[in-house]
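Participant: after the sequence you'll find the predicted model.
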Amino acid sequence: MSKVKDLPGEAIVTATRSPSIGHSFVAYVERVRGGDMGALPAVLGLIVLCTVFAIARPAFVTSINFANLFTQGAAITLIAMGLVFVLLLGEIDLSAGFASGVCAAVLAVTLTSAGLPWYVCVLAAIATGVVIGTALGALVAKVGIPSFVVTLAAFLAFQGLVLVLVDEGTNISIRNSVIVAIANENLPPWLGWALYAFCVLVFAAVQLLRAAKRSRRGLTSDPMSLIAARVGALAVLAGLAVYVLNLERSRNPALVSLTGVPIVVPVILVLLVVWTLVLRRTAFGRHIYAVGGNTEAARRAGIPVDRIRISAFVICSSMAAVGGIVAASRASSVDPNTGGSSVLLYAVGAAVIGGTSLFGGKGRVLDAVLGGAVVAVIENGMGLMGYGASVKYLVTGSVLLLAAGVDALARKRAAAAGLR
Amino acid sequence: MSKVKDLPGEAIVTATRSPSIGHSFVAYVERVRGGDMGALPAVLGLIVLCTVFAIARPAFVTSINFANLFTQGAAITLIAMGLVFVLLLGEIDLSAGFASGVCAAVLAVTLTSAGLPWYVCVLAAIATGVVIGTALGALVAKVGIPSFVVTLAAFLAFQGLVLVLVDEGTNISIRNSVIVAIANENLPPWLGWALYAFCVLVFAAVQLLRAAKRSRRGLTSDPMSLIAARVGALAVLAGLAVYVLNLERSRNPALVSLTGVPIVVPVILVLLVVWTLVLRRTAFGRHIYAVGGNTEAARRAGIPVDRIRISAFVICSSMAAVGGIVAASRASSVDPNTGGSSVLLYAVGAAVIGGTSLFGGKGRVLDAVLGGAVVAVIENGMGLMGYGASVKYLVTGSVLLLAAGVDALARKRAAAAGLR
Amino acid sequence: MIPLLEVRGIDKSFGPVKVLHKVEFAAYAGEVTALVGDNGAGKSTLVKCVGGIYPIDGGEILFDGNPVQVHGPRDAGELGIEIVYQDLALCDNLDIVQNMFLGRERKNGLLLDEDSMEELAAQTLSSLSVRTVKSIRQQVSSLSGGQRQTVAIAKAVLWNSKVVILDEPTAALGVAQTAQVLELVRRLADTGLAVVLISHNMNDVFAVSDRIAALYLGRMAAQVKTADVTHAQVVELITSGRSGDLGLKNGVTP
Amino acid sequence: MIPLLEVRGIDKSFGPVKVLHKVEFAAYAGEVTALVGDNGAGKSTLVKCVGGIYPIDGGEILFDGNPVQVHGPRDAGELGIEIVYQDLALCDNLDIVQNMFLGRERKNGLLLDEDSMEELAAQTLSSLSVRTVKSIRQQVSSLSGGQRQTVAIAKAVLWNSKVVILDEPTAALGVAQTAQVLELVRRLADTGLAVVLISHNMNDVFAVSDRIAALYLGRMAAQVKTADVTHAQVVELITSGRSGDLGLKNGVTP
Amino acid sequence: GGESGQTSASTSSSASASEAAKAGKVGVILPDSKSSARWETADRKYLEEAFKAAGVAYDIQNAQNDKTAFQTIADQMVTNGATVLMIVNLDSGSGKAVIDKAKSQGVPVIDYDRLTLGGGAAYYVSFDNTKVGTLQGEGLSKCLTDKKADKPIVAYLNGSPTDNNATLFKQGYDGVLKPKFDSGEYVKGPDQDVPEWDNTQAGTIFEQMLTQEPKIAGVLAANDGLGNAAITVLKKNNLNGKVPVTGQDATVQGLQNILAGDQCMTVYKAVKKEADAAAKLAVALAKGEKPAASGSVKDPESGQDVPAELMEPQAIYFDNVKDVVADGYVTKEELCTGDFAEKCTEAGIQ
Ligand SMILES: Nc1ncnc2c1ncn2[C@@H]1O[C@H](COP(=O)(O)OP(=O)(O)OP(=O)(O)O)[C@@H](O)[C@H]1O
Ligand SMILES: Nc1ncnc2c1ncn2[C@@H]1O[C@H](COP(=O)(O)OP(=O)(O)OP(=O)(O)O)[C@@H](O)[C@H]1O
Ligand SMILES: [Mg+2]
Ligand SMILES: [Mg+2]
């Protein structure tokens, strides 16, 4: 059944081999002009935002602020990464915010009241996420209730659950140093550099190996020069980031030294790579796109649609749990508002700004990170501006619109050319 | 161009004329068994909920509670009615809640600070809704930003706007008796009956005229007996409702008499009829369904898709304004939370529970009213149960799931038969 | 005789892929012009350019000899151009009548005149030999492939238009229905309309068309009178872009 | 000889509408069985019942003489039944290779083996005479009607299945591609597969099929050897349900 | 409020970095703008006035009840050069995180209005929130006595379940009323929290309380907004003025309800005094001094004494509404509009 039949015929479609870098660049420009923008609009939006804030507030470009950006945006970004999976199916999870709250509360309770070691508590929190995701997914896939309603109900129920767990209006402080470190401490500078070297080397190796394997098979592969350019760009950009984060950023270096890459950065990076691999290079990921693109076609191809749906909700809720742990770490406490207020909307917003479609079938985990960066930069920059409550809301709304507008106008031009 | 060509051929497709009532009933049962449920699941869900609450709390079935139900659910229902239009297009309006807050604030400010007559203020509030809707619609349709992002930005901005309007957190009391009456006073009993008679007569007349016209043209029309049954059912149910609402429900009849249909009831009814007519019997409504069902097909049919989109947002925001006015009337004050917290989620939830699809193309204004009733009954019943906050959240979530589950399972059976 | 519809030198690219290369094409009133070409030759793209679905990159469209701008389907409709697209473009959530009158509903004051629309739709459909549709109030999503196609055709011929373009209208149709549609095509042309028929079926093409235009890899290979060519010549034009002294003169690379 | 695939007395209703009435049908290994019928006769519905897309209301499906339960497309796939549906069922957001291997991706440990899939897809497609596809990494949404159809066919014949059912596979195909597909159909049957071909084109049906089954308004009018009937007889069966002593004996109401 | 925020921002940016470092700069984080009107209308105004008078640069922001935003704002203030932080925490955990981070940068923190448990702030300036609740409880029982109620059923309309202050208020009034319930003097009625202090929801919640328990004779509403929601429902049933309702914050709405006789009392917190006291400490810290506080409070979690300035809240009834006006907390123009002019005269408001 799954053996492939040998049909005659020469391979005509895999044409030109290994084009030159100049050729590749021209092709890229053509693609962008033609409308296949990829991450470009989100990156453009980010650059515009950063420039504006940097001009308005010089403090924006300090190394301390750069480090702050990562810890401030981490929780939302992590939740958004999980949401991408659900959004790819054309579903929504309104409860992701409070699910992160519930998991954070589980972490806090096991840590404080039960006094278990931190790794057990982290596992308990993530297990809670898995259970939540399974329940939500089963209700959506098996019972067939629209995900909006299921997760709206869960949104309410989890709000109650957090209240029960943290005992009606109080809050639980987290004093475990490992947990608190996640969002508040930094890697020692040498470790930052070591990690940097590791990442760049692995990236280069993967790129080279892949090109070699493809050209051995006679399939089109990227030219050496392009690969070199890519690796070089990564090395320079990441190197710059590590360098800046390793600068002394304490306001009072005599009192305390503050240097290094925040611990959340490798956490996000690892998850980004893992989930990207899952989505792009495994059958499971392929099936997620298929179900989101055309559920009926996926079903006819024998894909277990229900199981894929449930898995996506499990991933979403587990990532919410990770986000909840980071949020709990950052606040060093859990209260009934953890994961509440605008967390969910910001997380979905991050995914959508990054380019994920609410209708399913289109999106990447990287989108969540880029969109999360936009949201974090807006919050960070607005914090520096020092506006009053109402003005802040107004300006934040407008800035969000602006960032999305850059993106939309870019894509609009593409659509006008007949592409979607 | 819009003249129709006369092509030869006999009308074969409009077959059997005027079937008997027994025949119609059998056909209905067949339709339901086959999966075309219409409003049945939502109604079933409502009946289940009411039975449960009535058993748990006898106070649930008192006439005063029946009257309360209408005023409590009115604002959400009105907002949900507007949202149906946006949802029909496959778009979403996250800002509808705060838009209602902004409009309510405009009402309060013009009423209190500016001291204008009430009708001017109501107009100002609705005009604000129109302006908001136009802006949102233009950003979505013309600039091409996803509606989730546009309305998320608006959600933030409007929150700020409400704060500005009500002066950073103060409450504005509304003391105008006309405005306060909308959600707090009742029609005199005779007027209730008069309205009742009018509605039943008009309904009967419309049904009869339509049947007559169709059978004159030789098209299938409903049999007399079915029409009679329908009119009879309306007459009995509505009569019962008016009768109950006209009962004395004051706790202290000596002190004050409390009878009559709440004023919001005719308000909702009129809007329900108007918007149902617009959706079902005008070209505009048809085009909304078309754009929601298949935007490309609508565009190719020459429908001005952008204009339809903008109009839907205008309707949504105007209905949010009406909802805001009712909410302001009910609270007799406007504060920065008006339209905030869970208003939006409940309103979207109401529409979805009623059967409106988030993917567009499927839904009715009646859905919003039925779903709004479900939400209102849950809130009302939960209020009587007197649970603590956390339990209340938990139970509300579960009850919501239950109500939606009845619906989903019913539809699931239909889908299994190969129908959607 | 000036053509009713003419396109001159149309270019169209999707991103880096150039799909139409300076295409020339003309359709005359009272004639059926067949547009033929291999899969992916660009027939549907050409039709969508004429219908205002895709903006054109270069070249011009002439209607009755005058250059016109077609910026959207509305413009095409106003010129009197009706198109049945290959991807049928019906709204699955609407019923047959609603789809047929979409965008041009009949009204009775403000409200829709459902009854007269229903009557007319039934007439038109029965003239196209549709026998298995249970009710014209059925949702389009529940129709069979051929039934959908018939609805799309009926939708296009319902109006007093000047040009009717049919993109593979008979692909999914049964024997009787195909005959009916071909007859309709002929009848439309005979009443003075310009009809463009895209088809892969050479029998059909030779049965009804007055002229044949052959696209080859995005280039117009030849536009000839049907009477002047043979079956085999047309197939050669389609598959290799030339046939004898007909067709593209210089070698072309895709 | 027992048929490889047989359905007995299948009933299927959509709500109040009965679409299939006690349909009997059989397909034999090594033969091409053509399934013909008017638009809306129920051909696609029958295929979808066999493929597990629709649950059946009554009757049974036999595979190699044994009754089997087909509760979903997965079951059909596991029996070795491959189907090209009329509504092609491709994922528009995936590219050609991804669509062709959907649900049966080749793996290299945990990760996908993109390279070998790309190679194989290219081979299969070129054997179907697809010349205008620019790249097999193109998204399916950007393909022409015929190109989509070719992808769907290629997807089905890629696997070592025992039964291949093709629902109007050549409807949107050009002359050369149609010939290629018909040849492929013949070749598949000759290698011992049971092939079911649905088509409205009588020439194609007579060119490749060994047996012909004619559906009329949801009833199986007749299943005969192609050699025993004439073109005209089949058309009569399709349009009226009977032809001489072939076909439905009693008057049938739709 | 919005414009003054911008003014403050421009003050800080116009002062050059080194200048600001010398003179010091105060960062103030307010908690939200919805649970109570005071933060944006009163505290911000008074603090700005005090800082301007002292010539100290300042930056006042509002966290909008969002813990993450709260921490982000704190980060940004320190980044922007604040040398003193004054925070109204949203909860002790995140408050502590901010204090710890600030301390590590050598920035002292003043707990304003809410004590960060275990946080170890340099100073604590506040009203006693439990005392506020006590005043409400006492006020309600006074009004019930005035109405000569016999075994009245008392309903609780508590604040947000997620707000620690609401818990403290409840502790206060429960401390007064629970003994009366136990003794049978009063009967305990429905007791519900209002999520996010949402007035609209409060209306529904109270309406259902009244449906379930029609004989409610007293309502302990945790603030004026909730009180007004209850009064609206009572009005509909013509019970307004007959059932006493409490409140808090001395808002215009609450005071008008008191003047109209619909509300029994509210609690006035002289925010100006609190703001002035806090600002004084902050200015001194910014100038590098080590000011002394008048008292201290024991942190129940760490057991340490925190130097503190504590203010007394005041119960407001019909008779002393004029005190609030005299204080300038609300103006006569705001309060005595339309029908209320007459009542104002009656209440002796000049
Ligand atoms: N949106 C698009 N983006 C990129 N390429 C496209 C797009 N639409 C069509 N194409 C390409 O343009 C070429 C012409 O397509 P078109 O649909 O016009 O062919 P056709 O002549 O109608 O073929 P068929 O007979 O199969 O319908 C094809 O190679 C197709 O892949
Ligand atoms: N989901 C459905 N709901 C209701 N009726 C349906 C549904 N699907 C198909 N039908 C009806 O069943 C009948 C048979 O449809 P089917 O698609 O099997 O026809 P077909 O023989 O494949 O026709 P064609 O040659 O046009 O493809 C048609 O009358 C159609 O309207
Ligand atoms: Mg085509
Ligand atoms: Mg079919």
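Facilitator: Arrived safely, thanks for sending. Numbers count the residues shown, from 1 in each chain, chains lettered A, B, ... in the order given. Ligands and ions are numbered 1, 2, ... in the order given.
Participant: from now on I want contacts and neighbour counts done on CA atoms only, so please keep to that.
Facilitator: OK.
Participant: and for E:Met86, the neighbour number?
Facilitator: 28 (other C-alpha atoms under 10 Å in any protein chain shown).
Participant: the helix or strand in which A:Leu277 is found close to chain E?
Facilitator: Assessed by DSSP states H and E, A:Leu277 sits inside helix A:264-281. No. Judged by C-alpha under 8 Å from any C-alpha of the partner chain, helix A:264-281 and chain E are separated, with a smallest distance of 15.4 Å.
Participant: just the buried residues of that helix, please?
Facilitator: A:Val264, A:Val265, A:Val267, A:Ile268, A:Leu271, A:Leu272, A:Trp275, A:Thr276, A:Val278, A:Leu279, A:Arg280, A:Arg281 (16 or more other C-alpha atoms under 10 Å in any protein chain shown).
Participant: alpha carbons of it, as PDB, please.
Facilitator: What follows is helix A:264-281, C-alpha atoms only, in PDB (Å, rounded to 0.1, in the frame of the first residue of the first chain):
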ATOM      1  CA  VAL A 264      14.200  33.200  28.500                       C
ATOM      2  CA  VAL A 265      16.000  33.800  25.200                       C
ATOM      3  CA  PRO A 266      17.400  30.300  24.800                       C
ATOM      4  CA  VAL A 267      14.100  29.000  26.100                       C
ATOM      5  CA  ILE A 268      12.200  30.700  23.300                       C
ATOM      6  CA  LEU A 269      14.900  29.800  20.800                       C
ATOM      7  CA  VAL A 270      14.800  26.100  21.500                       C
ATOM      8  CA  LEU A 271      11.000  26.100  21.400                       C
ATOM      9  CA  LEU A 272      11.000  28.100  18.200                       C
ATOM     10  CA  VAL A 273      13.300  25.600  16.500                       C
ATOM     11  CA  VAL A 274      11.500  22.500  17.900                       C
ATOM     12  CA  TRP A 275       8.100  23.700  16.800                       C
ATOM     13  CA  THR A 276       9.300  24.900  13.500                       C
ATOM     14  CA  LEU A 277      10.800  21.500  12.800                       C
ATOM     15  CA  VAL A 278       7.600  19.900  13.900                       C
ATOM     16  CA  LEU A 279       5.500  22.000  11.600                       C
ATOM     17  CA  ARG A 280       7.800  22.100   8.600                       C
ATOM     18  CA  ARG A 281       9.600  18.700   8.600                       C
END
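Participant: against which helices or strands is it packed?
Facilitator: The helices and strands touching helix A:264-281, judged by 3 or more C-alpha pairs under 8 Å, 6 or more residues apart in numbering or on different chains; DSSP states H and E, are helix A:63-88, helix A:283-293, helix A:365-385.
Participant: for chain C, which of those is the nearest?
Facilitator: Distance to chain C, taken as C-alpha to the nearest C-alpha, is lowest for helix A:283-293 among the helices and strands packed on helix A:264-281, at 17.4 Å.
Participant: pull the residues that contact the closest one.
Facilitator: Contact with helix A:283-293 is made by A:85, A:88-90, A:278-280, A:297-299, A:303, A:305, A:308-309, A:312, A:359-362, D:91-94, D:98, D:102-103, D:105, D:107, D:111-112, as judged by C-alpha atoms under 8 Å, 6 or more residues apart in numbering or on different chains.
Participant: give me the average confidence score over it.
Facilitator: Across helix A:283-293, pLDDT averages out at 93.
Participant: how about the strands in the stretch 101-250 of chain A?
Facilitator: A:172-173 (DSSP state E, counting those that start in this stretch).
Participant: ok, the residue of it found nearest ligand 2 - how many residues close by?
Facilitator: The minimum distance from the stretch 101-250 of chain A to ligand 2, using C-alpha to the nearest ligand atom, falls at A:Gly144 (18.8 Å). Residues lying near A:Gly144 (other C-alpha under 10 Å) number 20.
Participant: tally of neighbours for C:Asn203?
Facilitator: 10.
Participant: quick one, strands of chain C?
Facilitator: C:5-14, C:17-27, C:32-37, C:58-63, C:66-68, C:81-84, C:107-108, C:111-112, C:163-167, C:194-198, C:211-216, C:219-225, C:242-243, C:246-247 (DSSP state E).
Participant: which outside residues touch the fifth one?
Facilitator: By that I understand strand C:66-68. Outside strand C:66-68, the residues touching it (C-alpha under 8 Å, 6+ apart) are C:Glu60, C:Ile61, C:Leu62.
Participant: quick revisit: so which of the contacts of helix A:283-293 also contact ligand 1?
Facilitator: Among the contacts of helix A:283-293, proximity to ligand 1 is found for none (C-alpha under 6 Å from any ligand atom).
Participant: re the thing from before, for the strands of chain C, give me CSV that also has mean neighbour count.
Facilitator: What follows is the strands of chain C, written out as CSV (neighbours: other C-alpha atoms under 10 Å in any protein chain shown):
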stretch, mean neighbour count
strand C:5-14, 20
strand C:17-27, 20
strand C:32-37, 29
strand C:58-63, 19
strand C:66-68, 13
strand C:81-84, 26
strand C:107-108, 13
strand C:111-112, 18
strand C:163-167, 26
strand C:194-198, 27
strand C:211-216, 27
strand C:219-225, 21
strand C:242-243, 20
strand C:246-247, 20
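Participant: quick one, which of the ones you listed gets closest to ligand 3.
Facilitator: Closest to ligand 3 of the strands of chain C is strand C:163-167 (C-alpha to the ion; 6.8 Å).
Participant: need the residues of chain E near chain B, please.
Facilitator: E:1-2, E:33-34, E:36-38, E:40-41, E:161, E:190-196, E:198-200, E:203-205, E:207-209, E:211-212, E:214, E:225, E:228-229, E:232, E:236-238, E:251-253.
Participant: now which of these would you call buried?
Facilitator: The buried subset of the residues of chain E next to chain B - by 16+ other C-alpha under 10 Å - is E:1-2, E:33-34, E:36-38, E:40-41, E:161, E:190-196, E:198-200, E:203-205, E:207-209, E:211-212, E:225, E:228-229, E:232, E:236-238, E:251-253.
Participant: and these, which of them are in strands?
Facilitator: E:Pro190, E:Asp191, E:Gln192, E:Asp193.
Participant: nearest to B:Gly115, of those residues?
Facilitator: E:Asp193 (34.8 Å; C-alpha to C-alpha).
Participant: contacting residues around the closest residue to the closest one other than its chain neighbours?
Facilitator: Distance criterion C-alpha to C-alpha, 6 or more residues apart in numbering or on different chains; nearest residue to E:Asp193, sequence neighbours excluded, is E:Asn158 at 4.5 Å. Contacts for E:Asn158 (C-alpha under 8 Å, 6+ apart) come out as E:Ala166, E:Lys170, E:Asp191, E:Gln192, E:Asp193, E:Val194, E:Leu220, E:Ala221, E:Ala222.
Participant: next: E:Thr211.
Facilitator: B:Ala59, B:Ile64, B:Asn65, B:Leu384.
Participant: hmm, the last one is touching E:Met209, no?
Facilitator: Right, the one you point to is B:Leu384. Yes. With contact defined as C-alpha atoms under 8 Å, B:Leu384 reaches E:Met209; the gap is 6.4 Å.
Participant: next, count neighbours for the residue of the stretch 1-150 of chain E found nearest ligand 2.
Facilitator: Closest to ligand 2 within the stretch 1-150 of chain E is E:Asp66: 49.5 Å, counting by C-alpha to the nearest ligand atom. For E:Asp66, the neighbour count with other C-alpha under 10 Å is 20.
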